[in-house]
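here is a sequence together with a model predicted from it:
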Amino acid sequence: MAYEVTATRKRPQVFEKLVGQEFVASTLEHAIEQKRIAHAYLFSGPRGVGKTTSARLLAKSLNCEHGPTAHPCGECNSCVEITNGNSIDVIEIDGASNTSVNDIRAIKDEVLFPPQCSRYKIYIIDEVHMLSNSAFNALLKTIEEPPEYIIFIFATTELQKVPATIRSRCQQFHFQLINLESIKACLAEAANEMKVEADDDALFWIAKEATGSMRDAYTLFDQVVAFSENHITLEKIKNKLGLVGIENITNIVRLALQNNQAALMEALNDLFAKGTSVEQFIRDYIDFFRTLLLRKEGITAEDILSHRPEQVPTDLVETFSSEQLETVLRSLFNMYRDIRYSINPRFELELFTLRLARLPYLTTGEALVKQLAEMKADILQGKTVIVKEQKILPVQVQTVKKEVVEGTKQEPIKEAIVEKKTISPEEIDNDEQEEHVDDNNVAPVLQPKESVKSNIHDFSKEDFIALKACPNCDINLTLALPYLTSFKFEAEKNSLTLLCENALMLNSLLEKKSDIVKEVNLLCGFTGKLLIERQIAKDTKDDIPRDAQILVNRFSGTFIPPKTNTKKEN
């Protein structure tokens, strides 16, 4: 006896064996029992769910010698001929190869003749959506008022392509996808009939890959049986079909999170060496991260998950957020679309895998806005208090020791030795700092109890520059202090004058005067009057201001002193 594929051998011969389409089967059975037989039916739904099989069952029920009956005998000549596909009164037409209006005209001519040996003359047009618009229009009148012995049964996988004028003349039945448990039960039954041992996880994988199509499940089942040597296991399926597997992907993701790039590249190379394609790798990646996302949302149904719940690593589910998993899934979908134009798809996949180390740090704009809103609400409700951390940075202080020749005080310096000493935060006595906290939950601010130098006379310009970043104040005079040329302190007036060399620097310092006052107060405890003036330096030879002399030298010009206004007396 010739070999018969499982999909054909297991095709249902009665409505009771039609898997996953209980509504269609029960409706047709009741219609036949009540003699409510329509002249046109339209079966729509995904591939491999029983549309053509239901059309043949309906034809068999109507033309059975013991009928019309909802339970055909399957033994009479009419039932046997319909089962074998050689009944002269049940005409099956492929809509994809008979699309022209001339083919429909031939049908219009044939319907004028009654059936030869059956009760009804039945036309089954598969993939009816492939007919042209002219063919549909030519068929309208025929299916609206056909002879009483003519019945049309249309089957299509794309209902939206069938004109509304055709749909309105037919009874419509929509076929649904078959659930995973029903497919797995049918596969187990087929394995028992073939005397093939099959592991439960292997049948689960085949049923999952069928995506609701019984014909796809049987086709894949036959392929697996061919190389499994009468024992179907998931390990054999992975090795022969080049699958990655959830264990391998889990290992790869964990290596990426550990930033172990050497081991990660070795694991990828081993999988590619076994024949795994880039496309299959991406599909398995998508199934894995989709499963993590669904488990993150608390979903445990096997029909929804791509893997069994006990196979999903719990630690990885808790590691990533929903936004991160959605982000990586979008990247995988984009990569799957783009690899057809890639110079090297494998390099694209390796680059994506290496980037998985940054996945815990990825976020979206929506997540950031949500976190900021939550933080704002907590602050307004008093649940969160902002504590400002104060850090004392190491300060470099220059001490100048001057040795003066004995005798005259006006003698020049003989030798100057500069010692630099770095004062670390640990060297500052904790007793020299005190904590001030107001009543408004303001963060504590540490302020110096005594000055670093007790007398302002001891300060030099270098001291100001060295201490320009006060550790206890938000003010930073990095931009202002380089403008200073010198400063002078007048004890009698209790004033400190900062001198700068040109008008531009003067304006900059004046804009920062309030900040400078606070800074100087914190540095040395000075609370007197602070003045900022421009120092006009004159050249001793030409009596030209220094800034004017710079312009004269740069542009090779001549300095013309300003005229003095003299008032003439009458």
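Yep, it's here. Numbering: from 1, shown residues only.

where's residue 92, which helix or strand?
strand 90-94 (DSSP states H and E).

my read is residue 151 is in a strand, agree?
Yes - counting by DSSP: H, G, I helix; E, B strand; the rest coil, residue 151 is part of a strand.

any weak-confidence spans in the stretch 401-550 of the chain?
The stretch 401-550 of the chain contains residues with pLDDT under 70 at 401-487, 501-505, 523-525, 535-550.

recalculate using a threshold of 50.
Within the stretch 401-550 of the chain, the ranges that satisfy pLDDT under 50 run 401-455, 457, 465-479, 538-542.

just the buried positions in the strand holding residue 92, please.
90, 92-93 (16 or more other CB atoms under 10 Å). In short, each C-beta sits where N, CA and C put it, glycine included.

can you tell me the strand partners of it and which way each runs?
strand 121-126 (parallel) (DSSP bridges).

alpha carbons only: can I get the strand it pairs with in PDB?
Provided in PDB are the C-alpha atoms of strand 121-126 (Å, rounded to 0.1, in the frame of the first residue of the first chain):
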ATOM      1  CA  LYS A 121     -24.600  18.900  -7.800                       C
ATOM      2  CA  ILE A 122     -22.100  20.700  -5.500                       C
ATOM      3  CA  TYR A 123     -19.400  23.100  -6.600                       C
ATOM      4  CA  ILE A 124     -16.500  23.500  -4.100                       C
ATOM      5  CA  ILE A 125     -14.300  26.500  -5.100                       C
ATOM      6  CA  ASP A 126     -11.200  26.700  -3.000                       C
END
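
next structured bit after it?
By DSSP H and E, the next helix or strand past strand 121-126 is helix 133-144.

so how far is that next one from its chain's centroid?
Relative to its parent chain, helix 133-144 has a centroid offset of 48 Å by CA atoms, centre = their mean, to the nearest Å.

which other helices and strands contact it?
Applying 3 or more CB pairs under 8 Å, 6 or more residues apart in numbering; DSSP states H and E, one finds that helix 133-144 contacts helix 101-110, helix 164-167.

what's the angle between it and helix 101-110?
Going by axes from the mean of the first three to the mean of the last three CA atoms, to 10 degrees, helix 133-144 is angled at 20 degrees with respect to helix 101-110.

other residues contacting helix 133-144?
Helix 133-144 is contacted by residues 39-40, 99-101, 103-105, 107-108, 111, 131, 152, 162-163, 165-166, 169-170 when judged by CB atoms under 8 Å, 6 or more residues apart in numbering.

dump that helix to CSV, keeping only the CA atoms.
In CSV, the C-alpha atoms belonging to helix 133-144 read as follows (Å, rounded to 0.1, in the frame of the first residue of the first chain):
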residue,chain,number,x,y,z
ASN,A,133,-13.7,41.1,-10.5
SER,A,134,-15.2,40.1,-13.8
ALA,A,135,-15.5,36.5,-12.7
PHE,A,136,-17.2,37.5,-9.4
ASN,A,137,-19.7,39.7,-11.3
ALA,A,138,-20.5,36.8,-13.7
LEU,A,139,-21.1,34.6,-10.7
LEU,A,140,-23.5,36.9,-8.9
LYS,A,141,-26.8,35.9,-10.7
THR,A,142,-25.9,32.2,-10.6
ILE,A,143,-25.4,32.0,-6.9
GLU,A,144,-28.3,34.2,-6.1
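
list the buried residues of it.
Buried, per 16+ other CB under 10 Å, within helix 133-144: 135-136, 138-139, 142-143.

can the residues you listed go into CSV with extra columns for distance to residue 303 and pLDDT?
Listed next are the buried residues of helix 133-144 as CSV, based on distance: CB to CB, whole Å; pLDDT from 0 to 100:
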residue, distance to residue 303, pLDDT
135, 39, 89
136, 37, 90
138, 44, 88
139, 39, 89
142, 42, 88
143, 38, 89
